[in-house]
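Student: Just need the structure, nothing else, for what follows:
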Amino acid sequence: MSYVAENPFFYHWYPFFTFLLGTGCRIGEAIGMRWEDVDMDKRIISVNHGLTYYDRHENSYKCEFRVSLPKTDAGIRSVPMMQPVYDVLKDEYERQTEEGFCEEYVDGMTGFIFTNRFGMPHNPQAVNRAIKRIVDAHNAEEEVRAKKEKREPVIIPRFSCHIFRHTFASRFCENETNVKVIQEVMGHSDISTTMNIYAEVSNHVTKASLENLAKNLDVF
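Tutor: Next comes the predicted model:
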């Protein structure tokens, strides 16, 4: 994330990526987020809809967004605002106060927080293309750096925007033992989905803990 924040070509993606990583929202929920959905005083984010992007069809030359409602009640939820998320939203609101807010309407909704240079909400394909460019640029710079320092480069594998939600879920499971709380924040309709993530994380943590224990025990 620091690479994105400090890069003159990619820094504008930092607020959106921070929001994804700090809320665990699905990509459609994040691109559909409006200013009226966030309570900066109470630091609560209301997740109550998403945006779905439709490509051009055979009989149409128009790409379009449509508002999509959660398929289950679990999808409608409130997510507490972590400090990094609060900070980027505060900065973004101040910037848009000076430069202008989104005036694009999608099914009667407007005021979307995260937009592209044309004032339109981001579409998931464009987000994934941006991630690919960022990863490729980072890796190219890392290879040059590693060659100068005579070491092996640390290459980041390509990934999609879903990794932000997955990372949030994994870190949440590492720090929260109440699976019901995790389910509510993630918006999982089936608790088995939450349990599978929790079990996967628990296995990794247990393995790492035992390996660390083996290093520190002096009885072997």
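
Student: excluding its backbone neighbours, what's nearest Glu142?
Tutor: Nearest residue to Glu142 in three dimensions, chain neighbours excluded: Pro153, at 4.8 Å (Cβ to Cβ, 6 or more residues apart in numbering). For glycine as for every other residue, the C-beta is placed from the backbone atoms N, C-alpha and C.

Student: wait, Thr52
Tutor: Nearest residue to Thr52, sequence neighbours excluded (Cβ to Cβ, 6+ apart): Ser68, at 4.5 Å.

Student: Now for the nearest residue to Asp107 once chain neighbours are set aside, how many residues are close by?
Tutor: If you skip the residues right next to it in sequence, Asp107 has Val67 as its closest partner in space, 4.0 Å away by Cβ to Cβ, 6+ apart. Taking other Cβ atoms under 10 Å as the neighbour definition, Val67 ends up with a count of 14.

Student: Quick check, pLDDT for Val67.
Tutor: In the predicted model, Val67 carries a pLDDT score of 95.

Student: before we move on, what about Ile31?
Tutor: What the model reports for Ile31 is a pLDDT of 97.

Student: Quick check: it vs Leu20, distance?
Tutor: Applying Cβ to Cβ, to the nearest Å, the value for Ile31 to Leu20 is 10 Å.

Student: Next: Val135.
Tutor: Val135 sits 15 Å away from Leu20 when distances are taken as Cβ to Cβ.

Student: What ranges does this protein have for its helices?
Tutor: According to DSSP state H, the chain carries its helices in the segments 2-6, 14-23, 27-31, 83-99, 124-149, 162-175, 179-186, 191-216.

Student: Figure out which of those helices is closest to Cys63.
Tutor: Closest to Cys63 of the helices of the chain, according to Cβ to Cβ: helix 124-149, at 9.7 Å.

Student: Point out the other helices and strands that the closest one packs with.
Tutor: helix 2-6, helix 27-31 (3 or more Cβ pairs under 8 Å, 6 or more residues apart in numbering; DSSP states H and E).

Student: count of residues packed around the nearest residue to Pro70 once chain neighbours are set aside?
Tutor: Taking Cβ to Cβ, 6+ apart, and ignoring the residues beside it in sequence, Pro70 has Ile76 as its nearest neighbour in space, at 5.3 Å. Other residues within reach of Ile76 by the criterion other Cβ under 10 Å amount to 13.

Student: need the contact list for the residue nearest to Glu142.
Tutor: Taking Cβ atoms under 8 Å, 6 or more residues apart in numbering as the contact definition, Pro153 lies against Asn139, Glu142, Glu143, Arg145, Ala146, Lys147.

Student: any idea how far it is from Asn7?
Tutor: When distance is defined by Cβ to Cβ, Pro153 is 18 Å away from Asn7.

Student: next one: Arg133
Tutor: In this structure, Arg133 and Asn7 are separated by 11 Å, where distance is defined by Cβ to Cβ.

Student: Having no further points to raise, I will conclude here.
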